[in-house]
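A.B. asks: Structure for this input, please:
(2 chains)
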Amino acid sequence: MVICSFFNNCLAQKKFNDSIYLSEMVVTATRTNKSIGDIPVPIQVITKNYIQQTGSQKLIDILQQQTGLVLADNPLGQALQGYPNPFGSGIQLQGLDPAYTLILLDGEPLTGRNAGILNLGRVAIGNIKQIEIIKGPTASLYGNDALAGVINIITEKPKFNNTSIQLHHATNGTLGITGTAAIVNKKAAWQLFANRYSSDGYDLDKNIYGKTSDPYHNYSFAIKLNQDFNEHISLQSSARCFTQKQFNNYQIYTGQTPDVVSGTSSETDWSLNNQLRVKLNTQFKLIGRLYSTGYKNNSTVFLEKNNSLYDQSFLEQFLLKPEIQMEWGKKQNQLFIAGIGYNYETINASRYATSKQLNAGYFFAQKEWLPISKLNITAGLRADKNTYYKTQISPKLAIAYKPIEKLSFTGSIGTGFKAPDFRQQFLGFTNSLIGYTLLGANELNNGLIQLKQQGQIDPQIDITPYLTDHRLLAEKSVGINMGFRYKSKNSTFCGNVFRNDISNLIDRYNLPFSKINNQAIYSYVNINKVFTQGFDLSIRQNISKQIEINAGYQYLEAKDKQVLKNIKEQKIISRDPITYVSSIVTKAEYGGLFNRSKHSANLQLSYANVQHWLTASIRATYRGRFGYNDITGDNVLNDDREYINGFVLLNATIGLAVHKGLQFQLGMENILNHMDKVRMPNLSGRVYFINCNMNLSKLFSTIKNEKNNEKNNF
Amino acid sequence: MKKTIFNLAFVTISGILFLTACSKSEPSPIVTIITKTDSIKVNFSPVAPFTFFSFKNDALVANSDSATTKWDFGLRFTTFILNSHAYGPGNAAAILQNSIYANVTTAPDAGYAYDTTTIQKGIKDGSWYDYNPVTHGFTPKAGQTFIIRTADNFFVKMELLAVDYEPFVGPTPSRLIYRFRYTYQANGTKAF
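C.D. replies: This is a model prediction of the structure:
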């Protein structure tokens, strides 16, 4: 849960200084700036120092080294025939799939999810100040998607002039170059950021044509301005863009002979984020926000033999989001905040019939009280009104009790929701190999009528009973979190127990009749109810001035309530795929939802030697065994052969500063070279890297100082 | 690019019990229950001709006999038909029961569904398997026992064990292999 803190910038400072911890301010939990010790909900913070110390260029790697954050495949797909899951992977929080965590950049949502997964590779990490992770439903402040929690990536707000360059080189032909520049004067702070990152990809199986992961390169640019007009008015304005191109080359079958296709997939996004803060008086503050973002991907592949188009798909999304928030209150911990905003969103994709538009208005309010000095109560409420599903009311209540300064107990209960995604509502797709049809809930009526007109549904079948309102409800959750946090000079110890009950989960179902080719018609319906529960523990301990240990553990249970009921009624029968012996599945055999590890843990050892300008860290992430796929014909995880065994990812980095402004880092990722090319082809094997971190301002200023010294000596 | 992974499945042939034609007067326990594990191959095509099967003979039946009562069920791609009403002159009908195969000891007295029309089938399309859109696998749901009355009014219990693709080269599989076991009661009663 915490935060080691060495770094380049503060090499000369005394390590593990109390003030570093005290100044740890977070914003995501309450939408106001607050010290981490006063937050009544589970929160984790990843600092810039930690990110720099790992030397890593990948946000996903940094996230999965945190307690309770697990890298998980999208449940819609799986690795197949030596290729990674086409839908990608993301962060699983408290046992909920990646689609259920809201991802914010400077407090505003990133769009462009592919089947629920946001490609975190879009977020360059060179200008991140800190990452805040809120666990548990946070819809009361953020609305849609904040069902499992929120990951808010906050970029740097520079305090002094600085220019730095980082060069990165790693296995698989990976190259990265990052430049940042900060220009700060009395009232304005500019931050410029540019990054290019490229990789040749990798190939885990030479017998399969093409690479497991194809080569790509991407560019990120960002500019941010913080301007204080006077004591009362300040502006934060930022613009960013990202563009990536990947070169695809693989084999397909279009007749009885194999053919090679090649082409590119591109991904582009941009955002403009403006925030005006006006302090009307000591008690009243207004914040106006205007956010807009766009996302686009396009994949086009051609047959190599005649250069004809083989396949093309695209997705375009746009979001415009104006919002006004007001803060009222004398003291920081007794604030009342309220806000109102609007989402105007459009989406267009190759698998949807037409471009879709989504409008949603929302309102939120939150009040904090201190009934007695040691007790803080925060209550919040948000209402979201949307075009396609009914109004969502999301309340939250959180309590923090601080008997002594070092110790706090927290408890919270809140709700979250996830709107049916565009795919579940609007998809219209017929599989060319098998011939089944998949229709989004809102497209079902049109789709059925069309299939009937085309003669694909037998004229004798009466479809009129199925031409009703199929609109989906939002998926909902109620989450309870209870925890504690103890912090002393040399250690932090915190823990949290959680339980999430999720209802209305959307799943695919069969219509009760088939097409004339005897294949099914599928659509989506709200049906499943699941729960996740468990606890996590984190500890940070300074062994000495140089050595710090961070360790974390999460215990997780995630189960389907209907499956539990069916097991109780002895309705679930499993069939051994080898012996064909059938047996009734017992409660003890039921392993819960697929893709969840009961046990996960992390351990980090950090060393910083101030005199020698030497830093080192070793980081281990353990993921306990988890369900992969059903092989016993019951759709339930109940057999040892359905699991992937637990494994450890071990990373290490050594940093050596040869000058105040020049540091080299050597690192190794996945030292144990853990690989599973069939089921987890997204693990590339061992990676070596080298970073050269140059702080041009310090390099330059030192040279000047040395010259001055020489002069003085004369 | 595609490396196809097939599940290896072992076909266990359970003991075949023969009815011995022994001496006329000597009363000996007559075993009338025949249990077999078998597999049939069908074309991977929704328009191919049906493949017909007879439980009594444990054999495929020629397509030319489709209008007779020689066959009990027909199979095409993932569609089962029964020898009754819409598809044949027989009296075949079926019940799909959620229970462990070994625990089914009697066929129910009533509740059998005919192929009333070509749409209203005794064994509903898509009712007996789960389709995995990623692997394109059709997995028979575990714990489902088909209780079938044959075209000539004998009783059978049957379980589908696996549906595999016959190894193939190219984009389209050519055949599906259905593995199943069944118990045929030759004395005309409903006891298995």
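A.B. asks: Residue A:309: neighbouring residues, count only.
C.D. replies: By other C-beta atoms under 10 Å in any protein chain shown, 11 other residues sit near residue A:309. The way it works is simple: take the backbone N, C-alpha and C, and place the C-beta from them, glycine included.
A.B. asks: Show me what it is bridged to.
C.D. replies: Note on residue A:309: beta-bridge partners residue A:302, judged by DSSP bridges.
A.B. asks: now do residue A:574
C.D. replies: residue A:583.
A.B. asks: any idea of the pLDDT on it?
C.D. replies: The pLDDT attached to residue A:574 in the predicted structure is 94.
A.B. asks: what about it, neighbour count?
C.D. replies: 25.
A.B. asks: Verify the stated contact: it with residue A:634.
C.D. replies: Yes - Residue A:574 is within contact range of residue A:634, at 4.5 Å (criterion: C-beta atoms under 8 Å).
A.B. asks: Excluding chain neighbours, what is closest to the residue of chain A found nearest chain B?
C.D. replies: Closest residue of chain A to chain B, C-beta to the nearest C-beta: residue A:573 (2.4 Å). Once flanking residues are discounted, residue A:573 sits nearest to residue B:143: 2.4 Å by C-beta to C-beta, 6 or more residues apart in numbering or on different chains.
A.B. asks: What segments of the stretch 151-300 of chain A are strands?
C.D. replies: Ranges of strands in the stretch 151-300 of chain A, per DSSP state E, counting those that start in this stretch, are A:162-170, A:174-184, A:188-199, A:216-228, A:233-253, A:258-279, A:284-303.
A.B. asks: Pull up the pairing partners for the shortest one, direction included.
C.D. replies: I take that to be strand A:162-170. Strand A:162-170 has the following strand partners under DSSP bridges: strand A:174-184 (antiparallel), strand A:687-695 (antiparallel).
A.B. asks: ok, now which ones touch residue A:144?
C.D. replies: Residues near residue A:144 by C-beta atoms under 8 Å, 6 or more residues apart in numbering or on different chains: A:102, A:360, A:384, A:392, A:417, A:418, A:419, A:474.
A.B. asks: Quick check: the second one touching residue A:342?
C.D. replies: Put plainly, it is residue A:360. Yes - contact criterion C-beta under 8 Å: residue A:360 and residue A:342 qualify, at 7.2 Å.
A.B. asks: hey, what's in contact with both of those two?
C.D. replies: By C-beta under 8 Å, 6+ apart, no residue touches both residue A:360 and residue A:342.
A.B. asks: which residue does chain B bring closest to chain A?
C.D. replies: residue B:143 (2.4 Å).
A.B. asks: which regions of chain B lie under the pLDDT threshold?
C.D. replies: Within chain B, the stretches with pLDDT under 70 are B:1-29, B:170-171.
A.B. asks: Mind checking which residue lies nearest the centre of it?
C.D. replies: When C-alpha atoms, centre = their mean is applied to chain B, the residue found nearest the centroid is residue B:158 (5.9 Å).
A.B. asks: for it, helix, strand, or coil?
C.D. replies: At residue B:158 the chain is in strand, as set by DSSP: H, G, I helix; E, B strand; the rest coil.
A.B. asks: Thought residue B:144 was touching it, still the case?
C.D. replies: No - counting by C-beta under 8 Å, residue B:158 stays clear of residue B:144, with 9.8 Å between them.
A.B. asks: re earlier: for the strands of the stretch 151-300 of chain A, give me JSON lines that also has mean neighbour count and mean pLDDT.
C.D. replies: Output for the strands of the stretch 151-300 of chain A, formatted as JSON lines (neighbours: other C-beta atoms under 10 Å in any protein chain shown; pLDDT from 0 to 100):
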{"stretch": "strand A:162-170", "mean neighbour count": "18", "mean pLDDT": "96"}
{"stretch": "strand A:174-184", "mean neighbour count": "18", "mean pLDDT": "96"}
{"stretch": "strand A:188-199", "mean neighbour count": "19", "mean pLDDT": "96"}
{"stretch": "strand A:216-228", "mean neighbour count": "18", "mean pLDDT": "96"}
{"stretch": "strand A:233-253", "mean neighbour count": "17", "mean pLDDT": "92"}
{"stretch": "strand A:258-279", "mean neighbour count": "18", "mean pLDDT": "94"}
{"stretch": "strand A:284-303", "mean neighbour count": "18", "mean pLDDT": "95"}
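A.B. asks: can you put those in a markdown table and add distance to residue B:31?
C.D. replies: Shown next, in a markdown table, are these (distance: least, C-beta to C-beta, whole Å):
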| stretch | distance to residue B:31 |
| --- | --- |
| strand A:162-170 | 71 |
| strand A:174-184 | 71 |
| strand A:188-199 | 68 |
| strand A:216-228 | 68 |
| strand A:233-253 | 50 |
| strand A:258-279 | 53 |
| strand A:284-303 | 62 |
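A.B. asks: Would you mind telling me which of those is nearest residue A:523?
C.D. replies: Comparing these against residue A:523 with C-beta to C-beta, the closest turns out to be strand A:284-303 (25.3 Å).
A.B. asks: Which neighbouring elements make contact with that closest one?
C.D. replies: strand A:108-109, strand A:258-279, strand A:309-328 (3 or more C-beta pairs under 8 Å, 6 or more residues apart in numbering or on different chains; DSSP states H and E).
A.B. asks: so which of those strands gets nearest residue A:249?
C.D. replies: Short answer: strand A:258-279, nearest of the helices and strands packed on strand A:284-303 by C-beta to C-beta, at 4.4 Å.
A.B. asks: now the angle from the closest one to strand A:309-328?
C.D. replies: Angle, strand A:258-279 to strand A:309-328, by axes from the mean of the first three to the mean of the last three C-alpha atoms, to 10 degrees: 10 degrees.
A.B. asks: Strand A:258-279 and chain B, are they touching?
C.D. replies: Yes - judged by C-beta under 8 Å from any C-beta of the partner chain, strand A:258-279 comes into contact with chain B through residue A:258.
A.B. asks: tell me which strands and helices that strand is in contact with?
C.D. replies: strand A:233-253, strand A:284-303, strand A:309-328.
A.B. asks: Parallel or antiparallel, which strands does it pair with?
C.D. replies: So strand A:258-279, judged by DSSP bridges, has these partners: strand A:233-253 (antiparallel), strand A:284-303 (antiparallel).
A.B. asks: Please convert the ones you listed to JSON lines, extending it with distance to residue A:496.
C.D. replies: Shown next, in JSON lines, are the strands paired with strand A:258-279 (distance: least, C-beta to C-beta, whole Å):
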{"stretch": "strand A:233-253", "distance to residue A:496": "32"}
{"stretch": "strand A:284-303", "distance to residue A:496": "30"}
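A.B. asks: count of residues packed around residue A:109?
C.D. replies: 22.
A.B. asks: If anything else comes up later, I'll come back, but that's it for now.
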